[in-house]
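Colleague: Quick one: sequence plus predicted model below, questions after.
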Amino acid sequence: MIGVETVSVFVLSVVELFQPSEFIGVLVDALSKASLYIMIAAGLTIIFGLIGVVNFAHGSMTMLGAYLGGFLVTVVSPGGLLSVAAFFVAAAGIFVVLTVAGGAMEKALIKPIYDRSPIYHILLTLGVAFVLDELIEIGATLYGISLISPWRAPLDAIPGVLDSTYTVAGASFRGLDIFEIGIGVVAVGVIWYFINRTRYGLYIRACTEDSEMAEALGVDVPRTFTLVFGVGVGLAGVAGLLLTWDLTGLMGQGGGATIFLSTSVLLPAFVVVIVGGLGSFEGTVLAGLLVGAVDALTTWLFVNEVVGFSALPEISLFVILILVLAVRPRGILGSQEVTLD
Amino acid sequence: MALLEIEDVDTYYGDSRILQDVSMEVGEDEIVAIIGRNGVGKTTVMRTVLQMTPPREGKVRFKGVDVTGAETHEVAGMGMGWVPEDRRPFTQLTVEENIRISVKGGDIDGKVEKAFERFPLLTDSRNSKAMKMSGGEQQMLALARGLVGDNDLLMVDEPSEGLSPKVAGDIMNALEDAAEDSSLLVIEQNLSVAFDLADRYYMLDNGEVVSQGETEGLDEDPEELMEHLRV
């Protein structure tokens, strides 16, 4: 009987989900989450695909972007609609600072161990992650910023237009969701253009396939590696800034700038990269949309008490990973399987 | 002064010495062939010149500049091109992108168009991915890539390998045309083809230069060389 009841509730919920009021809400939530997943994973996948380095410091770079960005937004936010402009100033600043920092990290730390086994890359980037996390913790503590709960100051700087809830066709969503979708669409467009329509993008695609041949044709491969590593880290930083304002976060982990941010974004980012296919930006976009949709849907199921456990979004993420690795190990659009060679 | 000077070079893969005390020269407007059996180090000479496998001993000079230990892209940027044995097209790029990436500056669009004029067979597959090309087309593309870079020296590894006689003939004609613009260093196992094309030759055995000289007349009586090559 319990089984019948459960099935009935589930079927009724599914029917309810397809009501415009619910469907639009879940769709907006899915797209806004997808934007975050794509922005975090895009940097990781182009670094992984081109350089072959598994950057375990990527989550920490995202967290660094969240705290530095949060600081900038708080400092420069003039209030009202101008705060939206302040966000873009902060985003540009974070992108530049983290791109330079990422490029410096590649040149100083990663480049000397390119020829070593991938285990060296993992250990080194893990070391960088631990150091960065500790430094951020020290900095936040010095400024009296709470590490456990989301940092309030940048949340208070969210402009009203983004903090407000809007209702369309009976569906409710925050302005911030639409803002995140807009940022995501622009980011995908810019990255796609950069990879497919610029000379450096051509270098990146060629080097991803055969960097030795590209260098023999005159391509400055070391500089391309540095640029890509830097841009990948810069993108992670901008995603971190967005997460500073987003309290719903990813995979039901809770958002905002906290000391848990680095680890809570790293695993989903790796899943998106692997599901999309190593080194494939288009694959990452598709995987980001898929994971965003599953995250939003499972969150809706929990919020609407169709299922009673909050870990459903996280479990679903890893079910997707397991299924993809079992059925299509090279991911949706990848040309190579995950290896440690 | 020769365009390319390789002086007493020793090159290793790990602990294995592949080239031993190798010296070669390629002059301006000259075609030089490297001949020898499989595995004697012919390809390693080209990898050494481009510093993909830098020598442990000896010097490589290009246009009088010591490039030993330089970055490969720096050497290539000085005007050196390479057409590898396995062609190595970027299979995920289109034919046009494969050519475009090889242009080292100046009027990029104009140079790309010139490459298609020079190799009209590539025009039909211009916007197709290189992975869809036949072996002959890939060799043509690899050659176009090497030529579009305005290189003063083009190194071509086994240009006729695996191709039908007709396609190999087309490739050799293209190489002869290429020689009007740049010097060539060519690895070729087919001796009559090598001697038809080249002005001089170096023969390698066990990583050492065992014979060298003018090619003129050799194609009439290559018995001694055939003995060395055991072919």
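Modeller: Alright, I've got the coordinates.
Colleague: okay, now the closest residue to A:S149 other than its chain neighbours: neighbour count?
Modeller: Nearest non-adjacent residue to A:S149, counting by C-beta to C-beta, 6 or more residues apart in numbering or on different chains: A:T258, 6.8 Å away. The C-beta positions use only the backbone N, C-alpha and C, and glycine is treated the same way. The number of residues packed near A:T258 is 24, by other C-beta atoms under 10 Å in any protein chain shown.
Colleague: ok, now A:E16?
Modeller: Counted with other C-beta under 10 Å, the neighbours of A:E16 add up to 14.
Colleague: swap in A:A34?
Modeller: The burial count for A:A34: 26, using other C-beta under 10 Å.
Colleague: Does the residue nearest to A:S149 belong to a helix, a strand or coil?
Modeller: Recorded secondary structure, A:T258: coil (DSSP: H, G, I helix; E, B strand; the rest coil).
Colleague: And it, its phi and psi?
Modeller: phi -130, psi 170 (degrees, to the nearest 10).
Colleague: OK, contacts around it?
Modeller: Applying C-beta atoms under 8 Å, 6 or more residues apart in numbering or on different chains to A:T258 gives the contacts A:S146, A:L147, A:I148, A:S149, A:P150, A:W151.
Colleague: Please look at A:I113 and A:Y120 and confirm they touch.
Modeller: Yes. In this structure, A:I113 is within contact of A:Y120 by C-beta atoms under 8 Å, at 4.8 Å.
Colleague: Tell me how many other residues crowd residue 38.
Modeller: Just going to use chain A. A:I38: 29 neighbours (other C-beta under 10 Å).
Colleague: I was after chain B.
Modeller: Other residues near B:N38 come to 8 when the count uses other C-beta under 10 Å.
Colleague: contacting residues around it?
Modeller: B:Q189.
Colleague: and it, that one's in a strand?
Modeller: No. Judged by three-state DSSP, B:N38 forms no part of a strand; its state is coil.
Colleague: picking up where we left off before, now, which of the contacts of A:T258 lie within helices?
Modeller: Nothing among the contacts of A:T258 maps onto helices, per DSSP state H.
Colleague: among the residues you listed, which ones are buried?
Modeller: A:P150, A:W151 (16 or more other C-beta atoms under 10 Å in any protein chain shown).
Colleague: Enumerate the residues of the stretch 201-341 of chain A near chain B.
Modeller: With C-beta under 8 Å from any C-beta of the partner chain as the criterion, the stretch 201-341 of chain A comes near chain B at residues A:202-203, A:205-206, A:208-210, A:212-222, A:335.
Colleague: Please check those residues and keep the buried ones.
Modeller: Looks like these have A:202-203, A:205-206, A:208-210, A:213-222, A:335 buried, using 16+ other C-beta under 10 Å.
Colleague: where does chain B dip in pLDDT?
Modeller: The model of chain B has pLDDT under 70 over residues B:218-231.
Colleague: Contact residues of it facing chain A?
Modeller: B:50, B:52, B:71-73, B:76-77, B:81-82, B:84, B:88, B:90-93, B:97, B:100-102, B:104, B:145, B:149.
Colleague: Okay, and which of those residues map to helices?
Modeller: Short answer: the residues of chain B next to chain A in helices (DSSP H) are B:T72, B:H73, B:A76, B:G77, B:E97, B:R100, B:R145.
Colleague: quick one: the fifth one and A:L202 touch, right?
Modeller: Yes. Contact between B:E97 and A:L202 holds when scored by C-beta under 8 Å: they sit 5.9 Å apart.
Colleague: Only the buried residues of stretch B:178-197, if you could.
Modeller: B:178-179, B:182-191, B:193-195, B:197.
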